[in-house]
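A.B. asks: Sequence and computational prediction follow.
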Amino acid sequence: MRDTTTLDPVLNRLDAGLDASLERLMALMRIQSISTDPDYAARCREAAQWLVEDLQGLGAEARLAETPGHPMVVGHIGEGAPHLLFYGHYDVQPVDPLDLWDRDPFDPAVEETDQGRVIRGRGASDDKGQLMTFVEACRAWIAENGALPCRVTFFFEGEEESGSPSLIPFLRENAAELTADLALICDTGMYDRQTPSIATQLRGMLREEVVIRGASRDLHSGLYGGLAVNPIHVLSRVLAGLHDETGRVTLPGFYDGVPETPPEVMEQWAGLGFDTAPFLGKVGLSHGAGEQDRTPIERLWARPTAEVNGISGGYAGAGFKTVLPAEARAKVSFRLVGTQDPEAIHESFVAYVESMLPPDCTAEFPMGDGAPACRMDTTRPEFEAARAALSDEWPQPAVFAGMGGSIPVAGYFKEILGMDAMLVGFAHDADRIHSPNEKYDLESFHKGARSWARILHALADAGA
């Protein structure tokens, strides 16, 4: 059994100091740090400066680091191994439409709901509440023990909600200062209200647009129909051919670099008891699509996909217009896993489309950009140590989870700084991030801080 002599007082302090922790979070939430709107640039700087001063209050050497956009916050504290880089973002989404909020989005409050007490306001879950769980864990640890159990670098971004234009240059220019043994990222959620998770694989993304062109102009279907090629027909065949009858993607080489999920992780996932019916039932569906020889949770977390996101062509307005369109277009996205190469898949997609073109048709590809997947090395002892620490705090054991979406910063840490990231967050699907009435469960905030205290203890104890 691990020695918790230094940990238990920290957990007790987090319990006793919850009200003060909430007041600090709400002070940060009141700052209108909307990064995408230039009118709020001063508010973004105010939030960054607030964090600098708060970190300095912990004893950290913290500074506001300028970028061409909104400033970064960088702080250093502690000594010894391991060296951990903690990332979060202080900027928030716009609040429109304002009339759908039940209260002023920048006047946060704790509210009673049928799911328990929640912190209501913009940034509660994404990402100020999550960010402050770690800061509060550090505050309590220092107050009880005089210092953190290891070395920590804080790294807070102010442009995550507006595309992070300054992030990659800043990482490259400050790589020596920011590189650590392991990155910790808080911008994720739990599997369910009882089960914490560590996201260890994130799917990459390839975005494509294809335009099929035929005649030099739209044609009258009565004059040309039956003889002239219809680009919508061609595009329909192209898109339909992307999958076979079992749900597998048909592009040559598409599955190159797709790994099998380790048996021990599959065992964890099986223990979650994921049920397709209620998951799809919430959105009015009942039958799972995709690769039929894979479990539903594999399809969501660990398998690549090809999805048609939009189609246009011809006339789609009111009434009827009998034309053969001169062009048809579609947007297609590929979610990537393992070591799938976005450029190789782009080339395969282009070759496939061109192979399907009849005479008189051409294809153009206005978009073809992507990023690879990010997979963490869960054989490193830190991951199992953190999983055990989370399991000690929550009712159900923590799991190593996949994520269907992408968190680009994790990939940047891997690519630019050469380090793995551990993604641990306490958000829920019902938190309404990016939407009116955003909330963060009070339990997520309280137990989230306790969880980070446990993780700090476990990683230091492991001497990672």
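C.D. replies: Noted; the coordinates are in hand.
A.B. asks: so what's the residue lying closest to Val234 once chain neighbours are set aside up against?
C.D. replies: Counting by C-beta to C-beta, 6 or more residues apart in numbering, the nearest residue to Val234 once its immediate chain neighbours are dropped is Ile212, at 5.1 Å. Quick note: C-beta positions are derived from backbone N, CA and C, even for glycine. Neighbour list for Ile212: Pro231, Val234, Leu235, Val238, Glu327, Ala328, Arg329, Leu357, Cys361, Thr362, Ala363 [criterion: C-beta atoms under 8 Å, 6 or more residues apart in numbering].
A.B. asks: make it 6 Å
C.D. replies: Listed by C-beta atoms under 6 Å, 6 or more residues apart in numbering, the contact set of Ile212 reads Pro231, Val234, Leu235, Ala328, Cys361, Ala363.
A.B. asks: helix, strand or coil for the spatially closest residue to Gly17 that is not a sequence neighbour?
C.D. replies: Of all residues not flanking Gly17 in the chain, Ala140 sits nearest, at 6.7 Å (C-beta to C-beta, 6+ apart). Using DSSP: H, G, I helix; E, B strand; the rest coil, the structure places Ala140 in helix.
A.B. asks: So Ala140 sits against Asn12, correct?
C.D. replies: No. Using C-beta atoms under 6 Å, Ala140 makes no contact with Asn12, being 8.7 Å away.
A.B. asks: which one of the two has more residues nearby?
C.D. replies: Ranked by neighbour count (other C-beta atoms under 10 Å), Ala140 and Asn12 place Ala140 first, with 24 against 13.
A.B. asks: element containing Phe155, please.
C.D. replies: strand 151-157 (DSSP states H and E).
A.B. asks: any idea which residue of the chain is furthest from its center?
C.D. replies: What lies farthest from the middle of the chain is Leu223; by C-alpha atoms, centre = their mean that is 51.5 Å.
A.B. asks: which is the next helix or strand following the host helix or strand of that residue?
C.D. replies: Here Leu223 sits within helix 221-224, counting by DSSP H and E. With elements assigned by DSSP H and E, the helix or strand that comes after helix 221-224 is helix 231-240.
A.B. asks: Just name whatever secondary elements that following helix is in contact with.
C.D. replies: strand 204-213, strand 327-336 (3 or more C-beta pairs under 6 Å, 6 or more residues apart in numbering; DSSP states H and E).
A.B. asks: Where is the longest helix in the chain?
C.D. replies: For the chain, the helix with the greatest residue count under DSSP state H is helix 442-462.
A.B. asks: so what's the residue nearest to Val234 bridging to?
C.D. replies: Here Ile212 sits in beta bridges with Ala328, Ala363, as judged by DSSP bridges.
A.B. asks: rewinding a little: how about the longest helix of the chain: buried residues?
C.D. replies: By neighbour count with 16 or more other C-beta atoms under 10 Å, helix 442-462 contains the buried residues 442-462.
A.B. asks: ok and that helix relative to strand 151-157, angle-wise?
C.D. replies: Relative orientation of helix 442-462 versus strand 151-157 (axes from the mean of the first three to the mean of the last three C-alpha atoms, to 10 degrees): 140 degrees.
A.B. asks: still on that earlier bit, which among the helices and strands packed on helix 231-240 is found nearest to Phe279?
C.D. replies: strand 327-336 (17.4 Å; C-beta to C-beta).
A.B. asks: quick one: contacts of that closest one?
C.D. replies: Contact partners of strand 327-336, identified using C-beta under 6 Å, 6+ apart, comprise 203-204, 206-213, 231-232, 235, 304-313, 345, 373.
A.B. asks: need the helices for the stretch 251-400 of the chain, in chain order.
C.D. replies: Applying DSSP state H, counting those that start in this stretch to the stretch 251-400 of the chain gives helices spanning 263-270, 276-281, 296-301, 342-355, 381-393.
A.B. asks: Out of the ones you listed, which gets nearest to Gly88?
C.D. replies: Using C-beta to C-beta, the nearest of these to Gly88 is helix 381-393, at 17.0 Å.
A.B. asks: could you say what helices and strands that closest one packs with?
C.D. replies: helix 442-462.
A.B. asks: got the angle between the helix it packs on and helix 381-393?
C.D. replies: Using the same axes, to 10 degrees, helix 442-462 lies at 140 degrees relative to helix 381-393.
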